[in-house]
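Novice: 3D model of this:
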Amino acid sequence: MRLQASLQKLNGLPDKRKSVSEKKEENRQEETVIEKIKEKLEDIEDRGVRVSLQSLFSSINFVGEKLFDLSRTSIIEGTKQVIVGIDNVSILKAILQFEFGRRVNYLSSKFGMDERELARVFDVTIRKVSDYVKYYRLCLEFPGLIFSGYSMGRVLNYSAPIHKKAATDTRFDQLLRMQHESVAFLTMEGEFEKTIQAWYEDEANEEDDKDEDEDKKVKTC
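Specialist: I've put the predicted structure just below:
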């Protein structure tokens, strides 16, 4: 094995083996991500999904602030508000990423648009189109991931350990499959809700089912 590794280095090839420390660090990161997802979903289980646009706008006020004029306490308190803004941005970004994936998947299934055409129309890479579809389909299985606080890229990177954990942890699996019918958006003027029931339906497949039902009716007649 040592000879093989040496030859790989001489030929400019990467050593695909991972050291024990690297593997431990990888496992630690996986456990951290899964634990944070679980904590986030338990937090919203009872109170529902809430995105504070007000907090988001308030946190922007701290951008570019002159720190040398502030006390240690003021800087810490301002930083806490920045963190709140980051959390709200993360959820909002994931919501929009899922919605984009849902629409791209529908355009592909319903209108036959392939990845190349979708990439051209929306000015993104083919790889990005593929990632959005993967994210959409993963979140159809585990809707809770949309509100986990992690964006599409992070969720896709950890999809394998997430599946593995869900298969052995009933509580985690339950939280991942939890469906919310609406999202509450908090603004300066108050609060409004956005209904999202359609998110939990594979609309492209439902259209196929409707077509099949219509065909059966025609044949029956």
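
Novice: Identify the single longest helix in this structure, thanks.
Specialist: Using DSSP state H to define each element, the chain has its longest helix at helix 72-111.

Novice: From the chain's centroid, how far away is that helix?
Specialist: Between the centre of helix 72-111 and the centre of its chain there are 9 Å (C-alpha atoms, centre = their mean, to the nearest Å).

Novice: Counting neighbours, which bits of it end up buried?
Specialist: Going by neighbour count (16 or more other C-beta atoms under 10 Å), the buried part of helix 72-111 is 82, 85, 87-88, 90-92, 94-95, 97-98, 100-102, 104-109. C-betas here are computed from N, CA, C, even on glycine.

Novice: helices or strands next to the helix or strand hosting residue 119 in the packing?
Specialist: Using DSSP states H and E, residue 119 sits within helix 115-122. Packing partners of helix 115-122 (3 or more C-beta pairs under 8 Å, 6 or more residues apart in numbering; DSSP states H and E): helix 72-111, helix 126-141.

Novice: So what touches the helix or strand following the last one?
Specialist: What it means is helix 126-141. Per DSSP H and E, the first helix or strand lying C-terminal to helix 126-141 is helix 152-157. Here helix 152-157 makes contact (C-beta atoms under 8 Å, 6 or more residues apart in numbering) with 33, 94, 97-98, 101, 131-132, 134-135, 138-139, 145, 148, 162.

Novice: for the protein, which spans come out with low pLDDT?
Specialist: Within the chain, the ranges that satisfy pLDDT under 70 run 1-18, 203-221.

Novice: Repeat the analysis, applying 80 as the threshold.
Specialist: Residues of the chain meeting the criterion pLDDT under 80: 1-19, 202-221.

Novice: how many other residues sit next to residue 190?
Specialist: When neighbours are defined as other C-beta atoms under 10 Å, residue 190 has 8 of them.

Novice: if I look at it, how far off is residue 50?
Specialist: Per C-beta to C-beta, to the nearest Å, residue 190 is found 13 Å from residue 50.

Novice: same thing with residue 92?
Specialist: On the measure of C-beta to C-beta, residue 92 and residue 50 end up 11 Å apart.

Novice: Also residue 202?
Specialist: Taking C-beta to C-beta, one finds residue 202 at 27 Å from residue 50.

Novice: again with residue 171
Specialist: Counting by C-beta to C-beta - residue 171 and residue 50 are separated by 22 Å.

Novice: neighbour count winner among the two?
Specialist: Higher neighbour count among residue 171 and residue 50: residue 50, with 16 against 11, using other C-beta under 10 Å.

Novice: Skipping adjacent residues, who's closest to the more buried one in space?
Specialist: Leaving aside its sequence neighbours, residue 50 sits nearest to residue 184 (C-beta to C-beta, 6 or more residues apart in numbering; 4.6 Å).

Novice: you'd agree the one you found is in a strand?
Specialist: Yes: under DSSP: H, G, I helix; E, B strand; the rest coil, residue 184 sits within a strand.

Novice: Quick one: residues contacting it.
Specialist: 48-51, 191-193.

Novice: what's the spacing between residue 63 and residue 119?
Specialist: The gap separating residue 63 from residue 119 is 33 Å, by C-beta to C-beta.

Novice: Hmm, I typed the wrong one, I wanted residue 50.
Specialist: Distance from residue 50 to residue 119, counting by C-beta to C-beta: 34 Å.

Novice: Ok, residue 92 next?
Specialist: 24 Å.
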